[in-house]
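Q: could you work out the structure for the sequence below:
(one chain, ligands or ions: 1)
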Amino acid sequence: MIPVYARITGTGRGLPEKILTNKDLEEIVDTTDEWIRARTGIERRHIAADNETNLDFCEQAARNAMQAAGVGPKDIDMVIVGTTTPDQVFPNMGCLLQRRLGIHGCPAFSLEAACTGFIYALDIANKYIRSGSAKCALIVGGETLSRMTDWNDRGTCVLFGDGAGAVVLEASDEAGILSTHLHADGQYADLLYFPSGVSKKPEDFYARRDFIHMKGSEVFKVAVTKLGEIVLEALKANNMPAEKLDWLVPHQANLRIIEATARKLKMPMQRVILTIQDHGNTSTASVPMALDVVVRDGRIQRGQTVLLEAFGGGFTWGAALLRY
Ligand code: ACO
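A: Numbers count the residues shown, from 1 in each chain. Model (predicted):
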């Protein structure tokens, strides 16, 4: 029997038009363009307008990915949206996206694994396709982190941005995704979190307003360690030396974390995809958006090996090694 692989056949992204530069942030909090660039690598980020929501960017990303793959609503037999900023609790973002795109009947759900959500979704869709349970999955990572950011906190508000990225994953007899690797460790829950949840009853229910809380330097240390481990785990699982890797598409949280992971792989930065300067940290949207940028500008060619990785709140972390 010919093995069935899951292969990325289209990518897309959707971004708000509005751009907030580091200089703009100097007017909002006590910070400087120099500090933000030096500590994070971020120069600007896209921010949703008041009348835009996460679903708008997910729809745009999904339409672009479906067009690139040459598939229509009837071809899609699974929809997964990774997000921590859904438009509403239910219907889930997968169903809301189905309605926008005219997709009917197939399973559709959202999942929440912070910045690793897209890799978690890719892992699930890959297993559905490889087992024969699905043939054509639409996978989206989308966020409007600006809506959960404390715009008075210079330690976090300079980091985050909004947007969505999507891929179409199809069954193929040619190798696509070679392996996926997921991890989580809830013992770190207090280092990076957004405290509000529907089930928690706060003192003043109607005054509920929460923000992202992050112990930045502690998150930084665990991220560098876990990402260093997981990229080597993915290579080892495929018996692949690091030199055979053509591209690293990392989660775009901090340039210094990305550089540390590249050093672990002894990879020159020319083979590491960077979009952090333009997008900031868009959580689960960052990897599919970065992938779309380099697929569309022609840097990633069919047949090349690509390693995706992400790390985020939970902590959750994951990687996917694929032949594009
Ligand atoms: N402008 C100017 N100064 C600032 C700013 C700012 N925007 N933010 C913090 N500072 C100051 C601090 O107050 C501190 O001042 P002090 O020394 O007088 O006390 C100093 O800069 C150093 O602060 P640190 O927090 O130690 O700075 P650090 O070098 O660690 O950089 C950063 C902070 C960029 C947040 C970094 O820790 C980081 O990137 N952490 C990891 C983020 C991450 O990967 N998150 C995971 C994914 S996100 C998700 O899941 C949603």
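
Q: just how off-centre is the helix ranked longest in the chain within its chain?
A: Using DSSP state H, we find that the single longest helix of the chain is helix 216-237. Remark: helix 216-237 is offset 16 Å from the chain centroid, using CA atoms, centre = their mean, to the nearest Å.

Q: what do you get for stretch 36-43?
A: Computed by CA atoms, centre = their mean, the chain-centroid distance of stretch 36-43 equals 19 Å.

Q: next one, pLDDT for residue 202 please.
A: At residue 202, the pLDDT value in this model is 69.

Q: could you do residue 89 as well?
A: So, for residue 89, pLDDT stands at 95.

Q: what do you get for residue 196?
A: For residue 196, the pLDDT comes out at 87.

Q: ok, now how distant is residue 127 from residue 77?
A: Counting by CB to CB, to the nearest Å, the gap between residue 127 and residue 77 amounts to 14 Å. All C-beta atoms are positioned from the backbone trio N, CA, C, and that covers glycine.

Q: who's more crowded, those two?
A: residue 77 (18 against 14; other CB atoms under 10 Å).

Q: name the nearest residue to that one, ignoring sequence neighbours.
A: What sits nearest to residue 77 in space, not counting adjacent residues and going by CB to CB, 6 or more residues apart in numbering, is residue 106, at 4.5 Å.

Q: quick one: contacts for that neighbour?
A: 76-79, 98, 134 (CB atoms under 8 Å, 6 or more residues apart in numbering).

Q: what about the residue in the stretch 101-250 of the chain that the ligand sits nearest to, neighbour count?
A: Nearest residue of the stretch 101-250 of the chain to the ligand: residue 216, at 3.0 Å (CB to the nearest ligand atom). Neighbour count for residue 216, taken as other CB under 10 Å: 15.

Q: try the one 4 residues further on
A: By the measure other CB under 10 Å, the count of residues near residue 220 is 18.

Q: do residue 69 as well
A: 23.

Q: what is the residue nearest to it when sequence neighbours are not counted paired to in the beta sheet?
A: Closest residue to residue 69 apart from its sequence neighbours, by CB to CB, 6+ apart: residue 10 at 2.8 Å. Residue 10 has these beta-bridge partners by DSSP bridges: residue 168.

Q: quick one: pLDDT of residue 10?
A: We have a pLDDT of 98 for residue 10.

Q: wait, isn't it in contact with residue 72?
A: No. Under the criterion of CB atoms under 8 Å, residue 10 makes no contact with residue 72, lying 11.7 Å away.

Q: could you work out the end-to-end span of stretch 45-53 for me?
A: Start-to-end span of stretch 45-53 (CA to CA, to the nearest Å) is 16 Å.

Q: neighbouring contacts of it?
A: By CB under 8 Å, 6+ apart, stretch 45-53 touches 15-20, 54, 56-57, 87, 144, 146-147, 160-163, 278-280, 282.
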